[in-house]
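Chemist: quick one: sequence and predicted model below, then my questions.
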Amino acid sequence: MINTTIPYAIELRDISKRFGAVQANKDICLQVPKGSIHGIIGENGAGKSTLMSIIYGFYEADTGHIEVDGEIVNIRTSQDAIKAGIGMVHQHFMLVENFTVLENVMLGAEGGALLRKGVSKARTELKRLASQYSLDIDVDAIVEELPVGLQQRVEILKALYRGARILILDEPTGVLTPQEADHLFRILHSLKEKGVTVLLITHKLREILASTDNVSVMRQGEMVAHRETSKTNKEELAELMVGKKVRLTVNKEEAEPGKVVLSAKHLSQFDSQGVKRLKDVSLELRAGEILGIAGVSGNGQSELLNVLSGITVMSEGEIHFAGDVISATVPKTAAQVRDMGMAHVPEDRHKMGLVTGFEAYESAVLGYHNSPVYNGKFLMNRKVMLDECSTRMAAWDVRPPNPYLKTANFSGGNQQKIVIAREVEQNPDVLLIGQPTRGVDIGAIENIHEQIVSLRDAGKAILLVSVELDEIMALSDRILVMFDGAVVGELDAKDANERVLGLMMANSYSDDPRGEPA
Amino acid sequence: MYDTLIQMLDATVRVSAPLILAALAGLFSERAGIVDISLEGKILGSAFAAAAASAVFGSAWIGLVFGIIASVALALIHGFACITHRGDHIVSGVAINTIVAGMTVTLGLHWFHLGGQTPALSGDQRFLAITLPFAHAMQDVPVIGQIYSNLISGHNILVYLAFIMVPVTYWIVYKTRFGLRLRAVGENPHAVDTAGISVTWLRYRAVMVCGVLCGVAGAYLSTAHNAGFLKNMSAGQGYMALAALIFGKWRPVPVMFACLLFGFLNAVAVRLQGVIIPGLGEVPVQAIESLPYVLTILLLAGFIGKAVGPKAVGRPYVKERA
């Protein structure tokens, strides 16, 4: 304890929360001084969002309690949290998109059964908040027409309008441009000066170091450390975040790239809104190499995977593969591309890789279900499917090794193994693999990485898309960096380090050795 | 010619009234995110309950109350399936329509022994036409007189109620707290939840309002427009109302005009029944009757503007992340 005379703005004591078998939060204690910016940092899945949802009354904690200004508050619903002066800006905005800013701010705090009185009050109040915290906004604008940064401002205004004195922001910069993020931090500082307490949840070290007073580190559902930001540094925080986890290294020999098996030329892709998501991407993929695609999520990687695998037809450009040319005028479907020897492990296994309601042996043949191997004369050959599934489950250490279990009942890592095994066992010439270890536990990660490398050593060409820099650096032989739909950098894996890649991913890399822009 | 037009418009108003009530009922439900294909069943259930109660108690008003009770009860069943148990809205709606279609006839047979009908209603057992002041005196004034005394005057009270409900619905949806929340919960229930409002209770209130309005529509059919309950007397009006709701893009005033258009087409179809056009033969009445649906499909296909419904409609609200 730092000081016992002034009560903390918010204090958590022994908060625990369990979802089924998963202990999302365990005995969390946290003390946040009034009028400070407090960072909570941790890897994806460390339990940060769960904790914040408990504070905001979205979930109820199994044990423990919360104190606001030194008094125990019973927060069971969001309404309770709002009453206690807690406001939250969610990672995915909680806005009604076709409402005006004003309507969104008023929702839930209308001030009477009729709107008229509330509207004029809200207008004056918003004007006051706008000038006090420099949060200017056109209150009559329709929210969906505003840029993301302003939408976030609406969320902040919503919280302040409800009288929030404690503001929680969950991964606020994930959707923002660097300029918008800088602006956000200026706003947070002015909030702090006016006595608002800010809780900032993020997994970005730079933001923590640049803008917080104190920082708490979460790892695997537990609060592992509290630091004053000025007395810590990037290295220490990174170590605390990942814990004893050994730095991701994969034993692999030098790559021996062979001939080019796939080459993409000037690929572009427009989405249904007419926005160009993929901009003139060219790449060559060689046998026996792993080409890593790095980038912040949402910078065209998904579109690239979809176009290469035949899920969407490119708008411009062509792909040379297996002696064929695929283009917008001569497209090929995903099934045709697969038959040509390209396997695809999609980024989102739930949406694209599996049918969660299927039993494991059924999920294990998806996409290859028409193969003669699995089909008798009229019916599918269940026995073959079951036997093969059992064999693969043993080889890939899928737990539990029960081919009859519903896909949804496997853990994320085991589901991913089912998908990867299915694709790799087809012995493809090219493997496209997106986020191979997202939501996968550490033991399984190693296993999956080894399999990818051994596939490479068998002379296959692998295109790896991942938002995890560690993974890109550990596995790739060559790295392309994508930003805003375009390839903005290419480097040999030997020359790559986090700083260079990070700058490239923000599209602010220059050869200036001091590198980092102001 | 002018007389004919007035007569057809008069018929339009009579046919449109229950459509407007049912479409506004659907508006409350769908704006809250609940797809309501069971408008049809609620109308039919209410028509039966209203006619039966009116026959037994001798009062159309008591009939109306029973009609509303029956309809709200059905609405609550729909709500229980869709809101509490996050069931499929269409399946629940179809189930309600099927059950009501069978149950009204079965109960009718059991209670009245008239082949599934209720006894014919007369006098106070029905809502009768109201003559507005000066209707007779105005009769002879050219143009306006006809419109006032034959088109505006001379309907039963439920017709007036239906048209009054249009501005009332507009006012509720756009000018009250309930309306703001109603519109929000159909677009993004998560936003409503994080604003500290109960999604469940809000949606239940919406389906209850829907039930009340369908109840009035049903009572209109059996105790005002007709004199008693007939088997399947709703005859697809619930679906027609749903089409009007989409055609009016989920907004009260355009929805009313859609109902009037559909009602007018119906009046035209009735008028042209058996009429033979030289060279073409008998007018295909069914073709005119199907126009509302054809128009709605054209609208949905994007040929007439764009119909974008509430974003979260038909999707159960699940708070927990998967």
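Modeler: Perfect, thanks for sending it. Numbers count the residues shown, from 1 in each chain, chains lettered A, B, ... in the order given.
Chemist: residue B:17 - that's part of a strand, no?
Modeler: No: according to DSSP: H, G, I helix; E, B strand; the rest coil, residue B:17 belongs to no strand; its state is helix.
Chemist: nearest spatial neighbour of the residue in the stretch 101-250 of chain B that chain A sits nearest to, skipping sequence neighbours?
Modeler: Closest residue of the stretch 101-250 of chain B to chain A, CB to the nearest CB: residue B:195 (2.9 Å). Where you see a C-beta, it was placed from the backbone N, CA and C, and this is true even at glycine. Take residue B:195 and drop its neighbours on the chain: the residue closest to it by CB to CB, 6 or more residues apart in numbering or on different chains is residue A:108, 2.9 Å away.
Chemist: quick one, what contacts that neighbour?
Modeler: A:82, A:162, B:181, B:192, B:195-197 (CB atoms under 8 Å, 6 or more residues apart in numbering or on different chains).
Chemist: top of those by number of neighbours, please.
Modeler: When neighbours are counted by other CB atoms under 10 Å in any protein chain shown, residue B:192 leads the contacts of residue A:108 with 30 neighbours.
Chemist: just give the closest residue to that one, not the sequence neighbours.
Modeler: Leaving aside its sequence neighbours, residue B:192 is closest to residue B:185 (4.7 Å, by CB to CB, 6+ apart).
Chemist: packing partners for the helix or strand where the one you found lies?
Modeler: Element membership of residue B:185 [criterion: DSSP states H and E] is helix B:177-187. Here helix B:177-187 touches helix A:101-106, helix A:115-133, helix B:2-31, helix B:157-175, helix B:189-194, helix B:199-220, going by 3 or more CB pairs under 8 Å, 6 or more residues apart in numbering or on different chains; DSSP states H and E.
Chemist: can these go into JSON lines with extra columns for distance to residue A:146 and mean pLDDT?
Modeler: As requested, the helices and strands packed on helix B:177-187 are exported to JSON lines (distance: least, CB to CB, whole Å; pLDDT from 0 to 100):
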{"stretch": "helix A:101-106", "distance to residue A:146": "8", "mean pLDDT": "95"}
{"stretch": "helix A:115-133", "distance to residue A:146": "14", "mean pLDDT": "91"}
{"stretch": "helix B:2-31", "distance to residue A:146": "23", "mean pLDDT": "93"}
{"stretch": "helix B:157-175", "distance to residue A:146": "22", "mean pLDDT": "96"}
{"stretch": "helix B:189-194", "distance to residue A:146": "15", "mean pLDDT": "92"}
{"stretch": "helix B:199-220", "distance to residue A:146": "25", "mean pLDDT": "97"}
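Chemist: who wins for proximity to residue A:252 among the ones you listed?
Modeler: helix B:189-194 (44.1 Å; CB to CB).
Chemist: neighbours of residue 155, just the number please.
Modeler: By default, I'm working from chain A. So residue A:155, with other CB under 10 Å, has 24 neighbours.
Chemist: chain B was what I was after
Modeler: Neighbourhood size, residue B:155 [other CB under 10 Å]: 22.
Chemist: name the SS class of the closest residue to chain B within the stretch 201-350 of chain A, please.
Modeler: Taking CB to the nearest CB, chain B has its nearest neighbour within the stretch 201-350 of chain A at residue A:350, 7.7 Å off. Secondary structure for residue A:350, judged by three-state DSSP, is helix.
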